[in-house]
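Trainee: A predicted structure for the sequence below; I have some questions about it.
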Amino acid sequence: MEINKALPVDRLSYDAAFAELEQVVAALERNTLALEESLALYERGQALAKRCTQLLEEAELRVRVLSGDTLPEEEA
Amino acid sequence: MQQFTLFQPPVLSVTELTRYLRGLLEGDSTLQDTWVQGEVSNFARPSSGHLYFTLKDASAALKCVIWRTAAQRIRFGMQDGMAVEVHGAISIYEPGGQYQLYVDAVRSVGEGRLYQEFLRLKARLEAEGCFDESRKRLLPTVPKRIGIVTSPTGAALQDMLNTLRVRYPLVEVILSPTAVQGEEAPLQIIRALERLDRLIQPDVIIVARGGGSLEDLWCFNDERVVRAIASCATPVVTGIGHETDTTLADYAADYRAPTPTGAAVAATPDRLELIQACDHLADRLDAGMQNRLAGERERARLIAARLRQASPLWRIQNARQLLDNLIERTNRSVSYGLALRRARVDGSTSRLQALNPTLILQRGYALVTLPGGEIVRTTLQVKPGIQVQVHLAEGGFDAMVAQVRPQIDTD
């Protein structure tokens, strides 16, 4: 896992956060990392789980209407 | 007369005869499941909701009844003069003495033609492989963008948006509006679908329309629409009409949902399940870390034990113990030697004491010295008349030798 290269958790989309969380859990369960790396990974995993749940609980449906061949940015 | 009476054929009541006829009709399988074509006349719709009319052609008439529950399923307005095909069972209305058709389905003659057309087109597209199961793609489990092809004003759109809000509001909806009935509908639907597919490339596209008559839904049986759905690069879910309506668009779609709401459900995950999945992962995360820490602690404990064994301190302590033992042994041997010596000294002392002249004097002996201090040991040292000193255990006295006896009688 390349923790250093990862984006800040609060900028991840739900599926990116969830996919990374799955990887983090798998890596932690493989139990092959140095303890310090594991601790860093664990903290990252906690943040990812929180991010996922938060996104799921607080999301608002966005709807846009395609008119002609253009898609307005504003919500409909 | 009496005898005649005995052989008279039995007399039936009207009711009995009517029941007999009714049994005959209802026992005939053809009459119980039949399609009849004719023109509607004397159409009546009383407040009961049941429909009554006469179906006729150039030379005959048939009384027909449609009970209210069946009447509700008819999707066009029946009226006098209309050519229809009706399906039902023949029976007898006993109070009126009339046989009549109890109708359970009605279609316009045109509808019948449409249906034939539908079957022909379906067979052709099927033969081309348009509906093959192998062509159907899996829908994405967690879509980011959903394209919707439907009427912007229909209830179907609101149903879908409500469902998406509750189920999976993380998704972005791109509505590609179109008419969903009428002459223009097929081309508009195709354009709306292609715009989404080409410009937006969402993860999944829903093509939907609320319930309507067969004619209303007919644009979804249009060959061009069906082909557009089959060739769409994005997976397509259809939700057209009600549960019982199946259009060719449904056959061509990657997934056919029974209704627009059903399509919204099919295209999205349920957020409650996703939250559960997150919680489950978070639990595994915690357990993984706990296990790791426990393992780490155990390792540290083992290593520390090995370190203690290998450390110089351990050896020093061992050496110290050895030293302590030696000191202990030394101490013990030294004190033994001392005791031995002390015992010897004690022996010497008592022997020394035995030789102490004072002690001898205490036993009653006396010591005699000449005036020069010389101890008198033999009579040769004295003569009568000389002064000697006599020492006792306590004090002494001066004396003069009176007589000398050269030898002591031993006898």
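Mentor: Thanks, I have it.

Trainee: Strands of the chain, start to end?
Mentor: Just going to use chain A. Counting by DSSP state E, chain A has strands at residues A:62-65.

Trainee: ah, no, chain B please
Mentor: B:34-44, B:51-56, B:61-66, B:83-93, B:98-108, B:145-150, B:172-177, B:204-209, B:236-240, B:255-257, B:367-369, B:387-391, B:396-400.

Trainee: helices or strands up against the third one?
Mentor: Right, the one you point to is strand B:61-66. strand B:34-44, strand B:51-56, strand B:83-93, strand B:98-108 (3 or more C-beta pairs under 8 Å, 6 or more residues apart in numbering or on different chains; DSSP states H and E). For the C-beta atoms, the positions are set from N, CA and C on the backbone; glycine is no exception.

Trainee: quick check: angle from the shortest one to strand B:61-66?
Mentor: By that I understand strand B:51-56. With axes from the mean of the first three to the mean of the last three C-alpha atoms, to 10 degrees as the basis, strand B:51-56 and strand B:61-66 are set at 150 degrees to each other.

Trainee: Strand B:51-56 to strand B:34-44, inter-axis angle?
Mentor: Using the same axes, to 10 degrees: strand B:51-56 against strand B:34-44 is 120 degrees.

Trainee: next one: the last one
Mentor: For strand B:98-108 and strand B:34-44, the angle between their directions (the same axes, to 10 degrees) works out to 100 degrees.

Trainee: So which elements touch strand B:98-108?
Mentor: strand B:61-66, helix B:68-71, strand B:83-93.

Trainee: can you check the shortest one too?
Mentor: Here strand B:51-56 is seen to pack against strand B:34-44, strand B:61-66 when contacts are counted using 3+ C-beta pairs under 8 Å, 6+ apart.

Trainee: Please name the strands paired to the first one in the sheet, noting orientation.
Mentor: Sheet pairing here is set by DSSP bridges, and for strand B:34-44 it gives strand B:51-56 (antiparallel), strand B:83-93 (antiparallel).

Trainee: Pull out the buried positions in the last one.
Mentor: Same thing as strand B:83-93. B:84-86, B:88-92 (16 or more other C-beta atoms under 10 Å in any protein chain shown).

Trainee: In chain A, what residue spans correspond to helices?
Mentor: A:14-30, A:35-58 (DSSP state H).

Trainee: These into CSV, with extra columns for mean neighbour count and distance to chain B?
Mentor: Formatted as CSV, the helices of chain A follow (neighbours: other C-beta atoms under 10 Å in any protein chain shown; distance: least, C-beta to the nearest C-beta, whole Å):
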stretch, mean neighbour count, distance to chain B
helix A:14-30, 19, 4
helix A:35-58, 18, 4
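
Trainee: For B:Pro186, which of the ones you listed is the nearest?
Mentor: helix A:14-30 (35.4 Å; C-beta to C-beta).

Trainee: how about the strands of chain B in TSV, adding mean pLDDT?
Mentor: Shown next, in TSV, are the strands of chain B (pLDDT from 0 to 100):
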stretch	mean pLDDT
strand B:34-44	92
strand B:51-56	94
strand B:61-66	95
strand B:83-93	93
strand B:98-108	92
strand B:145-150	96
strand B:172-177	96
strand B:204-209	97
strand B:236-240	96
strand B:255-257	96
strand B:367-369	88
strand B:387-391	90
strand B:396-400	90
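
Trainee: closest one to B:Glu133 among those?
Mentor: Nearest of the strands of chain B (C-beta to C-beta): strand B:255-257, 11.5 Å.

Trainee: Any regions of chain B where pLDDT drops low?
Mentor: B:1-7, B:111-112, B:407-411 (pLDDT under 70).

Trainee: could you point out the longest helix in it?
Mentor: With DSSP H as the criterion, chain B gives helix B:312-355 as its longest helix.

Trainee: Could you pick out the residues of chain B near chain A for me?
Mentor: Residues of chain B lying close to chain A (C-beta under 8 Å from any C-beta of the partner chain) are B:142, B:144, B:152, B:161, B:164-165, B:169-177, B:192, B:195-196, B:199-200, B:271, B:274-275, B:277-279, B:281-282, B:284-285, B:288-289, B:291-292, B:295-296.

Trainee: can you do 7 Å?
Mentor: B:142, B:152, B:161, B:164-165, B:169-170, B:172-177, B:195-196, B:199-200, B:271, B:274-275, B:278, B:281-282, B:284-285, B:288-289, B:292, B:296 (C-beta under 7 Å from any C-beta of the partner chain).

Trainee: Look at the residue lying closest to B:Thr15 once chain neighbours are set aside and say how many residues are nearby.
Mentor: Sequence neighbours aside, B:Glu94 is the residue nearest to B:Thr15 in space, at 7.1 Å (criterion: C-beta to C-beta, 6 or more residues apart in numbering or on different chains). Residues near B:Glu94, counting by other C-beta atoms under 10 Å in any protein chain shown, number 13.

Trainee: I'd guessed B:Glu94 sits against B:Leu17; true?
Mentor: No - counting by C-beta atoms under 7 Å, B:Glu94 sits too far from B:Leu17 to count as a contact (10.3 Å).

Trainee: centroid residue for chain B?
Mentor: B:His280 (5.6 Å; C-alpha atoms, centre = their mean).

Trainee: ok, that residue to A:Glu20 distance?
Mentor: B:His280 is 16 Å from A:Glu20, where distance means C-beta to C-beta, to the nearest Å.

Trainee: same check, this time on A:Thr32
Mentor: 18 Å.

Trainee: cool, and B:Arg165?
Mentor: 27 Å.

Trainee: How about B:Asp398?
Mentor: For B:Asp398, the distance to A:Glu20 - C-beta to C-beta - is 129 Å.

Trainee: B:Ser13 too?
Mentor: 87 Å.

Trainee: same check, this time on B:Glu126
Mentor: 44 Å.

Trainee: ditto for A:Glu57
Mentor: A:Glu57 is 19 Å from A:Glu20, by C-beta to C-beta.

Trainee: cool, B:Arg256 as well?
Mentor: From B:Arg256 to A:Glu20 the distance is 35 Å (C-beta to C-beta).

Trainee: do B:Gln201 as well
Mentor: Relative to A:Glu20, and taking C-beta to C-beta, B:Gln201 is found at 24 Å.

Trainee: same deal with B:Met160?
Mentor: 31 Å.

Trainee: Could you do B:Arg135 as well?
Mentor: Applying C-beta to C-beta to B:Arg135 and A:Glu20 gives a distance of 34 Å.

Trainee: Likewise for B:Asn318?
Mentor: B:Asn318 is 54 Å from A:Glu20, by C-beta to C-beta.

Trainee: What of A:Pro8?
Mentor: From A:Pro8 to A:Glu20 the distance is 12 Å (C-beta to C-beta).
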